[in-house]
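Visitor: mind folding the following:
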Amino acid sequence: METREISWRSPYGAFAPLDGVPWAHLLHGGDKSADARWSIIVAFPTRKVVVREGVLYLDGALEEGSAFDELQELVINNRVTTKGVSLPFQSGLVGFVGYEMAPYFEPSLSLPASPFDLPDVAFGRYEAAALFDRVDKKSFVTGADARACDRLQEALGGGDAADDFSDADWAFTSNATRDIHMDAVAVTIEEIRNGRLFQANLAHQITGVSKEPSSGLGLFRRIAEKSDAEHGALLQFEEGAIISNSPERFFRITPHKQGRRISAEPIKGTRPRDEDSETDASLAQELLEDPKDRAENIMIADLMRNDLSRICEDGSINVDTLCEIMSLTRVHHLVSRISGQLKPDIGLQEIFAALFPSGSITGAPKVEAMKVIAEREKIGRGPYCGAIGYIDDSGAADFSVAIRTSVLANKGVQTQLTFPVGGGITLRSDPAAEYQETLVKARGVLAGLGADWDGRS
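Guide: As a prediction, this is how the structure comes out:
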């Protein structure tokens with residue numbers, strides 16, 4: 001394993017020459033969060049695992065078997081950490097799992113197809129990575145292969161990238177008007193009242209169209225700067241780009257001498273931030289004390305605890321935090337953290353089968369909630385509400401829940417950006433308030449576009 005320190009440059013500047021290059025990705029935590037201090041750049045994968053409409057492709061060729069077993073085979077699991085340097089990722093897999101993979105784990109589900117050209121699963125095997133510690137202002141190139149390190153280092157830019165993203169004129173529409181979304185919420189509340197389920201997460205998809213082409217990096221940077229989140233990602237493919245500014249961790253695996261610890265951090269409950277400090281503090285306290293939001297969060301925390309119990313050692317599940325305030329640039333959230341000790345024989349297939357998709361973006365019971373979502377939304381979700389992240393050769397892994405996530409497609413002389421926004425529906429939900437919450441969650445993307453939209457078109 002090779003690790004070399006290189007001269008400091010911003011992650012945006014380093015990634016600039018790779019803007020638009022398929023399979024070059026940037027994982028970048030919130031600009032204002034010391035807890036998400038690392039940015040990771042990968043490019044030039046040596047292997048590619050892709051799933052389209054249930055068909056597995058390995059390096060472009062048809063392959064039999066499970067995508068997750070194939071991914072497991074591509075993790076070396078023999079990395080020796082470089083002495084004196086503790087890096088979150090050095091070599092391994094980076095990619096995403098789309099929401100439409102849920103029926104792969106639960107055959108009783110029948111979901112609408114993804115509306116996007118992107119695959120349902122796409123992971124690259126990367127022999128090198130560039131890492132940027134934004135707190136200590138240090139940069140590294142590291143990896144399992146010296147030639148891969150050389151190639152990646154040569155591809156990086158220096159200094160900082162100019163913020164040359166121009167505010168284009170955007171026209172916005174949603175696949176569901178205010179009245180349609182409110183009706184869907186009202187019907188779901190009635191189904192909860194009748195005992196079909198306890199909670200469901202309903203979304204609608206906002207699409208912006210511009211007559212100018214847009215840079216994926218430029219747009220990602222604007223969104224990240226305007227709306228802080230700890231699990232940002234820019235994933236680039238031939239069919240388009242995924243721009244995620246997720247505040248929510250799906251799961252993290254941490255290897256240690258006794259085995260592997262896994263933790264999940266579901267988010268449920270939202271309030272907008274306010275420029276006035278007293279009003280802002282009042283909104284946070286209101287969220288903390290709101291019985292609807294607390295019940296929603298506790299319900300999903302319990303669902304996650306049950307999911308983790310399927311793959312963890314008996315008696316090892318722990319609720320580390322429950323209904324804790326997370327304050328980001330534009331919103332307050334309630335977050336809980338649940339952890340457990342993974343059983344020794346558990347692999348990626350079993351982990352995703354137990355946890356995917358996150359209960360925080362489905363509801364409870366999970367399978368019934370997904371059926372309700374399909375009935376109400378009537379459209380696939382694609383990368384939205386799936387998982388984005390990495391699996392390191394050390395056995396470590398970190399995945400976000402792909403919320404606050406957009407799909408960017410340059411279609412000739414036009415740019416199309418689609419970003420779903422949603423919220424959890426319970427018996428105590430108010431349809432008008434639920435619709436307004438979706439607009440609050442859209443503000444970060446809209447601010448990055450230099451646009452405003454009130455949901456009326």
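Visitor: look up how far residue 150 lies from the most centrally placed residue in the chain.
Guide: Taking C-alpha atoms, centre = their mean, the centroid of the chain lies closest to residue 402, which sits 2.6 Å from it. According to C-beta to C-beta, to the nearest Å, residue 402 stands 32 Å off from residue 150. All C-beta spots, glycine's among them, are computed from the backbone N, C-alpha and C.
Visitor: so residue 214 touches residue 169, yeah?
Guide: No - contact criterion C-beta atoms under 8 Å: residue 214 and residue 169 do not qualify, at 11.9 Å.
Visitor: who has more neighbours, those two?
Guide: More crowded of residue 214 and residue 169, by other C-beta atoms under 10 Å: residue 214, with 24 against 10.
Visitor: once you drop chain neighbours, what's closest to that one?
Guide: residue 415 (4.3 Å; C-beta to C-beta, 6 or more residues apart in numbering).
Visitor: assign that neighbour to helix, strand or coil.
Guide: Following DSSP: H, G, I helix; E, B strand; the rest coil, we place residue 415 in the strand state.
Visitor: hey, what's it bridged with?
Guide: residue 210, residue 410 (DSSP bridges).
Visitor: was I right about it contacting residue 207?
Guide: No - the criterion here is C-beta under 8 Å, and residue 415 misses it with residue 207 at 10.9 Å.
Visitor: which one's more surrounded, those two?
Guide: When residue 415 and residue 207 are compared for neighbours, residue 415 comes out ahead with 21 against 18, by other C-beta under 10 Å.
Visitor: how near is the more buried one to residue 87?
Guide: Using C-beta to C-beta, residue 415 is found at 35 Å from residue 87.
Visitor: and if you look at residue 287?
Guide: 35 Å.
Visitor: wait, what's in contact with the nearest residue to residue 295 once chain neighbours are set aside?
Guide: Excluding the flanking residues, the one nearest residue 295 by C-beta to C-beta, 6+ apart is residue 426, at 6.5 Å. The contact partners of residue 426, by C-beta atoms under 8 Å, 6 or more residues apart in numbering, come to 189, 192, 198-199, 292, 295-296, 299.
Visitor: cutoff 7 Å now
Guide: 192, 199, 292, 295-296 (C-beta atoms under 7 Å, 6 or more residues apart in numbering).
Visitor: mind pulling up the pLDDT for it?
Guide: Per-residue pLDDT puts residue 426 at 91.
Visitor: residue 110 too?
Guide: According to the prediction, residue 110 has pLDDT 94.
Visitor: which one among the contacts of residue 426 gets closest to residue 134?
Guide: residue 296 (33.0 Å; C-beta to C-beta).
Visitor: you'd agree the closest one is up against residue 427?
Guide: No - counting by C-beta atoms under 7 Å, residue 296 sits too far from residue 427 to count as a contact (10.2 Å).
Visitor: comparing those two, which shows the higher neighbour count?
Guide: Set side by side, residue 296 and residue 427 show more neighbours around residue 296, with 27 against 13, by other C-beta under 10 Å.
Visitor: name the SS class of that one, please.
Guide: helix.
Visitor: so what's the backbone phi/psi at the residue nearest to it when sequence neighbours are not counted?
Guide: Excluding the flanking residues, the one nearest residue 296 by C-beta to C-beta, 6+ apart is residue 268, at 4.5 Å. Per-residue torsions, residue 268: phi -150, psi 130 (degrees, to the nearest 10).
Visitor: next: residue 24.
Guide: phi -100, psi 130.
Visitor: hey, where'd the helices end up in the stretch 351-457 of the chain?
Guide: Per DSSP state H, counting those that start in this stretch, the stretch 351-457 of the chain carries helices over the ranges 366-377, 431-448.
Visitor: tell me which of these lies nearest to residue 40.
Guide: helix 431-448 (20.9 Å).
Visitor: pLDDT score for residue 79?
Guide: The model reports residue 79 with a pLDDT of 50.
Visitor: what of the one 3 residues further on?
Guide: In this prediction, residue 82 carries a pLDDT score of 46.
Visitor: that older thread, surely the residue nearest to residue 214 meets residue 208?
Guide: No - look at residue 415 against residue 208 with C-beta under 7 Å: they stay out of range, at 8.1 Å.
Visitor: distance of residue 402 relative to residue 357?
Guide: For residue 402, the distance to residue 357 - C-beta to C-beta - is 9 Å.
Visitor: mutual contacts of these two, please.
Guide: With C-beta under 7 Å, 6+ apart as the test, residue 402 and residue 357 both reach 385-386.
Visitor: shaky segments in the chain?
Guide: For the chain, applying pLDDT under 70 flags the ranges 31-35, 77-85, 162-167, 412, 457.
Visitor: what sits against the residue sitting furthest away from the middle of it?
Guide: Distance from the C-alpha centroid of the chain, by C-alpha atoms, centre = their mean, peaks at residue 194 (32.7 Å). By C-beta under 7 Å, 6+ apart, the contact list for residue 194 is empty.
Visitor: quick one, phi psi at it?
Guide: According to degrees, to the nearest 10, residue 194 has phi -90, psi 0.
Visitor: strands of the stretch 1-150 of the chain, residue ranges please.
Guide: For the stretch 1-150 of the chain, the strands defined by DSSP state E, counting those that start in this stretch cover 2-6, 25-28, 38-42, 47-52, 55-58, 61-63, 92-97, 121-126, 128-133, 138-143.
Visitor: mean neighbour count and distance to residue 175 added to the ones you listed, as JSON lines?
Guide: Below are the strands of the stretch 1-150 of the chain laid out as JSON lines (neighbours: other C-beta atoms under 10 Å; distance: least, C-beta to C-beta, whole Å):
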{"stretch": "strand 2-6", "mean neighbour count": "15", "distance to residue 175": "45"}
{"stretch": "strand 25-28", "mean neighbour count": "28", "distance to residue 175": "28"}
{"stretch": "strand 38-42", "mean neighbour count": "24", "distance to residue 175": "33"}
{"stretch": "strand 47-52", "mean neighbour count": "19", "distance to residue 175": "23"}
{"stretch": "strand 55-58", "mean neighbour count": "16", "distance to residue 175": "27"}
{"stretch": "strand 61-63", "mean neighbour count": "10", "distance to residue 175": "33"}
{"stretch": "strand 92-97", "mean neighbour count": "27", "distance to residue 175": "22"}
{"stretch": "strand 121-126", "mean neighbour count": "26", "distance to residue 175": "24"}
{"stretch": "strand 128-133", "mean neighbour count": "24", "distance to residue 175": "37"}
{"stretch": "strand 138-143", "mean neighbour count": "22", "distance to residue 175": "42"}
